[in-house]
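1. quick one: sequence and predicted model below, then my questions.
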Amino acid sequence: MSKVTRRNLLGTAIAGLAAAPVCARAEAPTANTAAPGIYRYKIGSYELTALYDGIWYRPINAEFIRNAPFAEVEQALDAAFMPHDRLATPFTTLIVNTGKRLILLDTGTGGQIAPSAGALQVNLAAAGIDPKEVDTIVISHFHPDHINGIKDKDNALIFPRAEVMVPGPEWAYWMDDGNRNAATADLKAVFLNQRRIFADIAKQVTQFEPGKEVAPGIVTIPAAGHTPGHTVFAVHSGDQSLLVLSDTAQHPAVFARHPDWQASFDIDGAAAVATRKKLFDRAAADRMLVTGYHFPFPACGHLIKTATGYEHVPVEWQTTL
Ligand SMILES: [Zn+2]
């Protein structure tokens with residue numbers, strides 16, 4: 001048996017090249033722009049469109065995980081092919097078309113977090129969805145990457161007709177001036193941003209109690225920890241369901257594999273871990289289709305339980321519905 005080495009493979013390729021007839025080639029200009037980030041799938045009769053807003057490489061340091069030594073975190077980042085000083089943080093929003101209403105779950109960054117994110121509007125256009133047609137926005141929690149897409153940089157509403165529905169406990173926590181005054185400088189910026197987004201539209205905002213159905217087949221589920229009012233969603237239609245995990249875990253290559261880790265941005269780290277394990281256990285046991293806001297696009301797949309945590313298995317990309 002002949003041993004194939006890189007050198008003799010290359011040699012064969014070069015010999016083949018020399019023997020090939022010389023033919024003229026048309027020019028192939030490169031596009032130099034990204035392709036659209038949209039993925040469409042069905043849950044029962046509901047048509048869902050996952051829309052990619054882009055990615056942010058969030059700077060991290062030795063304090064990133066509160067309850068693990070950074071050497072361990074670095075090992076996990078290596079295993080996930082990530083650098084040690086930045087966490088890959090992709091953003092995927094979801095439109096649910098119930099046949100009667102267009103409902104947007106979280107709104108992306110509005111181009112106000114990183115130059116590498118803010119593609120939601122371009123991708124909406126590519127998906128043939130007019131922002132004016134969106135009836136309802138349902139927010140999972142008030143971190144900027146979930147609410148900034150309500151408005152553009154100049155404070156104009158991106159979805160001018162949409163009712164904005166927010167978790168009541170989230171509103172109560174972040175709109176409390178006592179909490180704002182007691183916050184660290186970093187967190188104060190988050191409070192300020194929320195006032196920028198909500199102050200002049202407060203009358204158009206509807207608060208819901210997590211646990212309630214906010215639209216036919218869209219049930220909210222309390223999932224506090226990441227933030228005090230953090231909420232996830234179940235989308236039900238026919239005999240199919242999808243669990244929308246919001247920020248129950250950030251990138252699964254780090255946090256599904258290490259479900260016990262309390263990230264510095266989880267307001268109540270222990271509660272965030274308990275919520276993560278409860279929801280992931282349920283999703284794994286019931287073999288539920290899940291999507292996570294910070295999972296790699298199209299952010300949709302399944303979770304399996306492993307000896308030490310969980311593993312995310314992405315969906316196979318379908319070109320038919
Ligand atoms: Zn987030």
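-> That came through, no problem. Residues are numbered from 1 along each chain as shown.
2. from here on, contacts and neighbour counts on C-alpha atoms
-> Fine.
3. what bits of the stretch 1-150 of the chain have low per-residue confidence?
-> Along the stretch 1-150 of the chain, segments meeting pLDDT under 70 span 1-23.
4. so Asp281 belongs to a helix, correct?
-> Yes: per DSSP: H, G, I helix; E, B strand; the rest coil, Asp281 lies within a helix segment.
5. residues contacting it?
-> Going by C-alpha atoms under 8 Å, 6 or more residues apart in numbering, Asp281 touches Lys305.
6. now Glu47: how far from Tyr39?
-> Glu47 is 11 Å from Tyr39, where distance means C-alpha to C-alpha, to the nearest Å.
7. all helices for the stretch 101-250 of the chain, in order.
-> Taking DSSP state H, counting those that start in this stretch, the helices of the stretch 101-250 of the chain run over residues 120-126, 144-147, 168-174, 177-182, 185-198.
8. identify the residues contacting the fourth one?
-> Contact partners of helix 177-182, identified using C-alpha under 8 Å, 6+ apart, comprise Tyr173, Trp174, Leu187, Lys188, Phe191.
9. so where do the strands sit in the protein?
-> Using DSSP state E, the strands of the chain run over residues 38-43, 46-59, 86-97, 102-105, 136-138, 163-167, 205-208, 213-215, 218-222, 231-237, 240-244, 289-291, 300-305, 310-314.
10. turn those into CSV, including mean neighbour count and distance to Ile147.
-> CSV is the format used below for the strands of the chain (neighbours: other C-alpha atoms under 10 Å; distance: least, C-alpha to C-alpha, whole Å):
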stretch, mean neighbour count, distance to Ile147
strand 38-43, 18, 20
strand 46-59, 21, 13
strand 86-97, 23, 11
strand 102-105, 22, 10
strand 136-138, 24, 10
strand 163-167, 21, 10
strand 205-208, 16, 12
strand 213-215, 16, 18
strand 218-222, 20, 17
strand 231-237, 22, 14
strand 240-244, 20, 16
strand 289-291, 24, 18
strand 300-305, 21, 21
strand 310-314, 19, 26
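11. relative to Gln318, how far out is the closest residue to Ala249 other than its chain neighbours?
-> Closest residue to Ala249 apart from its sequence neighbours, by C-alpha to C-alpha, 6 or more residues apart in numbering: Phe255 at 5.8 Å. Counting by C-alpha to C-alpha, the gap from Phe255 to Gln318 is 27 Å.
12. and Thr275, how many residues sit next to it?
-> Using other C-alpha atoms under 10 Å, Thr275 has 20 other residues around it.
13. circling back to that earlier point, which of the helices of the stretch 101-250 of the chain sits closest to Phe91?
-> Checking those against Phe91 by C-alpha to C-alpha gives helix 144-147 as the closest, at 7.8 Å.
14. now tell me what touches that closest one from outside.
-> So helix 144-147 is contacted by 91, 106-109, 113, 139-141, 190, 193-194, 197 (C-alpha under 8 Å, 6+ apart).
15. those into TSV, with extra columns for distance to Val313?
-> TSV is the format used below for the contacts of helix 144-147 (distance: C-alpha to C-alpha, whole Å):
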residue	distance to Val313
Phe91	18
Asp106	23
Thr107	25
Gly108	24
Thr109	26
Ile113	28
Ile139	26
Ser140	23
His141	25
Val190	33
Asn193	35
Gln194	34
Ile197	35
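16. buried subset of those?
-> 91, 106-109, 113, 139-141, 190, 193-194, 197 (16 or more other C-alpha atoms under 10 Å).
17. ok, so of the residues you listed, who is nearest Lys132?
-> Looking across the buried ones among the contacts of helix 144-147 and measuring by C-alpha to C-alpha, the closest to Lys132 is Thr107, at 13.9 Å.
18. over to that closest one: give its phi and psi.
-> phi -120, psi 0 (degrees, to the nearest 10).
19. okay but it is in contact with Ile150, surely?
-> Yes: Thr107 is in contact with Ile150 according to C-alpha atoms under 8 Å; the separation is 6.0 Å.
20. count of neighbours near the residue nearest to Ala249?
-> Phe255, neighbours per other C-alpha under 10 Å, totals 21.
21. counting neighbours, what do you get for Pro69?
-> As a burial measure, Pro69 scores 12 neighbours (other C-alpha under 10 Å).
22. and the closest residue to it other than its chain neighbours, how many neighbours?
-> Using C-alpha to C-alpha, 6+ apart and skipping the chain neighbours, the partner closest in space to Pro69 is Ala62 (7.8 Å). Neighbourhood size, Ala62 [other C-alpha under 10 Å]: 14.
23. please apply the same query to the one 3 residues further on.
-> For Ile65, the count of nearby residues is 20 (other C-alpha under 10 Å).
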